[in-house]
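>>> sequence below, structure please.
(chains A, B and C)
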Amino acid sequence: MAELEERPFPPGEYPVVVVGSGPGGLQTSYFLRRLGIEHAVLSADKSAGGMFRQFPFFQRLLSWTKPFGHLDRHDRRYEWYDWNSLLAVEPENRAIMAELMDGSSSFPSRPEMEQNLATYAQRTGLQVRYGCRWESTRREGNGFALGTSDGEYRCRVAVFAVGVAEPWKPDTPGFEDVAHYVDTREAASYAGKRLFIAGKQNSGFELATGLLPWAQRIVLASPRPAKLSVNTHSLLGVRARYVQPVEDEVLGGGVFILNASIDRVERTVDGFRVHCLRSEGGTELTVEADEVIAATGFTSPLLDLPELGVSVFGQSRLPSMTNFWESAQVPGIYFAGTIGQGVPGMKKYGLPSNSGAVHGGRYNARIMVDHLARTHFGHRPERVQLPLDGLVDYLLEEVTHAPELWNQKSYLARAVSLDEQAGPYDDGIVPLAHFVDEEGPPAVAITVETDDKGSIHPAVYVRERGRPAVETLLDPHPLHDFRTPDHRRRLADLLKGATAGAVR
Amino acid sequence: MALSPQQLVDTLSGLTLFADLSRPQLEQVAHKMSEESFPEGQRILRQGFTGSGFYVILDGEVAIRIDGNEVARLAKGDFFGEMSVLLGEPPVADVVALRQLHALHLGGPELEGFLSEHPTVMFRMLKTVAMRLRNASRWRS
Amino acid sequence: MPISVDEKAAALASLPLFQGASDESLARLCNVTGEVEYSAGQFVVRQGQVGSGLYLIVSGAARVVSGSHELATLGPGDFFGELTVIDQQPRTASVQATQDTVCLAVASWDLLDLLKSDSALALNLIRGLAARVRSNAEHHRH
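Below is the predicted model:
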């Protein structure tokens, strides 16, 4: 009985329903609570953690937490060193990941990450109805009705933080007999095997790295050459942690990395025969393997949302969203967590955002909740007035230290409106693509950007009344400290036109 | 509009730009370029901004606007962004989605290598750029 | 007055179309570039013809005519014909020598073969054309 009573959020009517208890769902719930917006959080899982309850297999994450940054862990700026903790306003609930690391690596282990999320949920008092599976969706009145394994939930706004974790395999003949990444077994069971991994993204390289000590031979194949993060200057590509197989290939050590598409997979008496077409020249190549694993990616399990009008795109079936992560077709449906990567933002030089990772998604969630509160619940955000003579210093301090700008380069920006009458007002952290496309009062936004040469520098977007924003790149600094006299002069010059009205 | 890889390759094979490519080559293109979706009204290229990329329209329609004035429209199979990428200069026009846009995207720094790997795509692109120029300078032809 | 190989290369390299092309590309281009003389009154290309080649005037003068309208006059350093080579559309104007004129000429099929096999040259040509489209767009702005 007691146990039943402890399950929060019985079916019924809530202003907002959040689906998912991974980082995206928890972070969304946290900020909804801060704004006092009543909501239910539903999760099909047994406990908090989302994908980190299972993945990655080989135990360590790709995102770092450096417990000994030069700043106090409870300082906002420390978030730059800690990619894995969720955000909190109360200092004691910040940087939880850093407390839990045992020092053996700057990359937390999977159980450490799971612990991090559970601790956050517990300390911040977040509640989740676990074991409640979202099954269907329909429109009802001005909102939605979500059918679940526990009954129906009605709401005005629904937030789906259901991840991009549904295994996906191409319809290549023979792939129906092939294991997916999620089916990977205990490493020791691959001892002495010839392994064929389809896919050259991080999941493929993670398996190859983890199975290097066990497999007899590893072949990785996909049509295009593998990209490495150290070459792309972004999280795009195989991360440094998983590059060992590349070195093995280069040195002829039993790993083969092929640029080829897979034509079909044939079962043999004791394994598989993989028929490939090489990308260069299109010649055929047959590879014998004991085991084939499809590290071919994941899709977003959006169930029947497309029937409501939510359009989805790409192999991962991500929803089409606005710059505030709201469905572009169905207002009132929002997305949080890794799904947020479907909003490309500026994508300068082709570099993606970090929205697919915790250190990007956590800021998106905060902005998304503010937007949801403003547009659907009439919340008026608190606006902080800034002294005009401190504006330049404030912006340069932000671009030097703001974790939002450093973790979401060219994607999130600090915006300040330059009202002629009232003087500057802080508009907070905003999606840059929204700022530069929006028409509005004179304003400035500053962000951190990188380019194809790997230079990291501030970018300033100044919007004068009635005109589109103008981009200006400031100089880089060898220690990324942009609070120099040169930067101040340059920024002050840029602001002259836009602040002309504000200087009385 | 979510396409399976098979459907995406089929769609690509129907676009003039990729008309000369073999199936493995089309698969490589599909792997190399990323799919993006933009809501109506969103700018995809921005006049005067650095770091722009190359786009091929899979579905939808865009307007090309210079200083806010529409000068052309592009639709399925058309591409844009190559001029500023290849010239290494910011776009001189905005490209704005007139309705939901589904496009393939290639980061600017990858375009040159991509074209060199696929000379037939480059030649098709050359033809299109020549056509664009033709209208403006008829006697030269 | 035969044109030396070096002069040919220098003349081609000076064309905006081939600016920045590598030495290798220019050498290949030189190999397929011929020298053609026209006497005053002779047509270099005629309206309606499918692109037969790219021409660069080395000396002399010519006029561009469409029907009975004179559209432009050309002199040393001017070039024409590159667009029809690329898209194989009929020429929309004729070019007639008004003095004895010497042109460098690259036959359509030679230039096409070269563009298809020399990606650096093709890329360079796209850049050249793009720059011209762009300067038209800039022009449009004012």
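
>>> just list what the biggest strand by length in chain A packs against, helices and strands only.
Ranked by residue count under DSSP state E, the longest strand found in chain A is strand A:255-268. Where contact means 3 or more Cβ pairs under 8 Å, 6 or more residues apart in numbering or on different chains; DSSP states H and E, strand A:255-268 is packed against strand A:217-222, helix A:244-250, strand A:271-278, strand A:284-289, helix B:23-32. Every residue, glycine included, has its C-beta placed from N, CA and C.

>>> how about the last one: buried residues?
Of the residues in helix B:23-32, those buried by neighbour count under the rule 16 or more other Cβ atoms under 10 Å in any protein chain shown are B:Pro24, B:Gln25, B:Leu26, B:Glu27, B:Gln28, B:Val29, B:Ala30, B:His31, B:Lys32.

>>> is stretch A:409-426 positioned near chain B?
Yes. Using Cβ under 8 Å from any Cβ of the partner chain, stretch A:409-426 comes into contact with chain B via A:Ser410.

>>> first to last residue in that stretch, what's the distance?
19 Å (Cα to Cα, to the nearest Å).

>>> how about it: buried residues?
Buried residues in stretch A:409-426 (16+ other Cβ under 10 Å): A:409-419, A:423-426.

>>> and if you look at stretch B:85-92?
Applying 16+ other Cβ under 10 Å to stretch B:85-92 flags B:Val85, B:Leu86, B:Leu87, B:Pro91, B:Val92 as buried.

>>> hmm, stretch A:175-193 touching chain B?
No. Legend: contact between stretch A:175-193 and chain B by Cβ under 8 Å from any Cβ is lacking; minimum distance shown is 11.3 Å.

>>> pull out the buried positions in that stretch.
A:Phe175, A:Val178, A:Ala179, A:His180, A:Tyr181, A:Val182, A:Thr184, A:Ala187, A:Tyr190, A:Lys193.

>>> and for stretch A:230-246?
A:232-239, A:241-246.

>>> kindly reformat these as JSON lines containing distance to B:Leu15 and pLDDT.
Listed next are the buried residues of stretch A:230-246 as JSON lines, based on distance: Cβ to Cβ, whole Å; pLDDT from 0 to 100:
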{"residue": "A:Thr232", "distance to B:Leu15": "26", "pLDDT": "81"}
{"residue": "A:His233", "distance to B:Leu15": "30", "pLDDT": "77"}
{"residue": "A:Ser234", "distance to B:Leu15": "28", "pLDDT": "76"}
{"residue": "A:Leu235", "distance to B:Leu15": "30", "pLDDT": "76"}
{"residue": "A:Leu236", "distance to B:Leu15": "25", "pLDDT": "81"}
{"residue": "A:Gly237", "distance to B:Leu15": "27", "pLDDT": "87"}
{"residue": "A:Val238", "distance to B:Leu15": "30", "pLDDT": "92"}
{"residue": "A:Arg239", "distance to B:Leu15": "33", "pLDDT": "90"}
{"residue": "A:Arg241", "distance to B:Leu15": "38", "pLDDT": "87"}
{"residue": "A:Tyr242", "distance to B:Leu15": "34", "pLDDT": "92"}
{"residue": "A:Val243", "distance to B:Leu15": "35", "pLDDT": "93"}
{"residue": "A:Gln244", "distance to B:Leu15": "39", "pLDDT": "94"}
{"residue": "A:Pro245", "distance to B:Leu15": "35", "pLDDT": "95"}
{"residue": "A:Val246", "distance to B:Leu15": "33", "pLDDT": "94"}
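
>>> make CSV out of those and add secondary structure and distance to A:Phe57.
Shown next, in CSV, are these (DSSP: H, G, I helix; E, B strand; the rest coil; distance: Cβ to Cβ, whole Å):
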residue, secondary structure, distance to A:Phe57
A:Thr232, helix, 24
A:His233, coil, 27
A:Ser234, coil, 24
A:Leu235, coil, 20
A:Leu236, coil, 22
A:Gly237, coil, 20
A:Val238, strand, 16
A:Arg239, coil, 15
A:Arg241, helix, 13
A:Tyr242, helix, 12
A:Val243, coil, 18
A:Gln244, helix, 16
A:Pro245, helix, 15
A:Val246, helix, 19
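
>>> filtering those by proximity to chain C, which remain?
Restricting the buried residues of stretch A:230-246 to those near chain C - Cβ under 8 Å from any Cβ - leaves none.

>>> pick out whichever of the residues you listed sits closest to A:Gly210.
Distance to A:Gly210 across those (Cβ to Cβ) is lowest for A:Tyr242, with 9.0 Å.

>>> where does chain A dip in pLDDT?
Residue ranges of chain A with pLDDT under 70: A:1-5, A:500-504.

>>> at the geometric centre of it, which residue sits there?
Chain A has A:Gly356 as the residue nearest its centroid, 2.2 Å off, counting by Cα atoms, centre = their mean.

>>> now the helices and strands packed on strand A:255-268 as a markdown table including distance to A:Arg53?
Formatted as a markdown table, the helices and strands packed on strand A:255-268 follow (distance: least, Cβ to Cβ, whole Å):
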| stretch | distance to A:Arg53 |
| --- | --- |
| strand A:217-222 | 27 |
| helix A:244-250 | 26 |
| strand A:271-278 | 30 |
| strand A:284-289 | 30 |
| helix B:23-32 | 30 |
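
>>> which one of those lies closest to A:Gln115?
Across these, closest to A:Gln115 is helix A:244-250 (Cβ to Cβ), at 27.0 Å.

>>> for the closest one, packing partners?
Against helix A:244-250 (3+ Cβ pairs under 8 Å, 6+ apart) you get helix A:202-211, strand A:255-268.

>>> winner for burial among those?
helix A:202-211 (a mean of 24; mean count of other Cβ atoms under 10 Å in any protein chain shown).

>>> name the residues that touch it?
A:56-58, A:62, A:181, A:184, A:187, A:190, A:195, A:197-198, A:218, A:220, A:222, A:226, A:238-239, A:241-245, A:255, A:293, A:295, A:297 (Cβ atoms under 8 Å, 6 or more residues apart in numbering or on different chains).

>>> mind redoing it with 6 Å?
A:56, A:58, A:181, A:187, A:190, A:197, A:218, A:220, A:238-239, A:242, A:244-245, A:295 (Cβ atoms under 6 Å, 6 or more residues apart in numbering or on different chains).

>>> what residue in chain A comes nearest to chain B?
Of all residues in chain A, A:Gly350 sits closest to chain B, at 1.4 Å by Cβ to the nearest Cβ.

>>> hmm, that residue is touching B:Gly53, no?
Yes. Judged on Cβ atoms under 6 Å, A:Gly350 makes contact with B:Gly53 at a distance of 5.3 Å.

>>> that older thread, which members of the buried residues of stretch A:409-426 additionally contact chain C?
The overlap between the buried residues of stretch A:409-426 and the neighbours of chain C (Cβ under 6 Å from any Cβ of the partner chain) is empty.

>>> hmm, back to that, make a markdown table from the buried residues of helix B:23-32 and add pLDDT and distance to chain C to it.
Listed next are the buried residues of helix B:23-32 as a markdown table, based on pLDDT from 0 to 100; distance: Cβ to the nearest Cβ, whole Å:
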| residue | pLDDT | distance to chain C |
| --- | --- | --- |
| B:Pro24 | 85 | 19 |
| B:Gln25 | 88 | 15 |
| B:Leu26 | 91 | 19 |
| B:Glu27 | 88 | 21 |
| B:Gln28 | 88 | 16 |
| B:Val29 | 92 | 16 |
| B:Ala30 | 91 | 21 |
| B:His31 | 87 | 21 |
| B:Lys32 | 89 | 16 |
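
>>> turn those residues into TSV, columns for distance to A:Asn142.
Listed next are these as TSV, based on distance: Cβ to Cβ, whole Å:
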residue	distance to A:Asn142
B:Pro24	51
B:Gln25	50
B:Leu26	45
B:Glu27	45
B:Gln28	47
B:Val29	44
B:Ala30	40
B:His31	42
B:Lys32	44
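
>>> what is the nearest of these to A:Pro387?
B:Lys32 (49.7 Å).

>>> list the contacts of that closest one.
A:Arg224.

>>> go with 10 Å
A:Pro223, A:Arg224, A:Pro225, A:Lys227, A:Ser279, B:Leu104, B:Leu106, B:Glu110, B:Gly113, B:Phe114, B:Glu117, B:His118 (Cβ atoms under 10 Å, 6 or more residues apart in numbering or on different chains).
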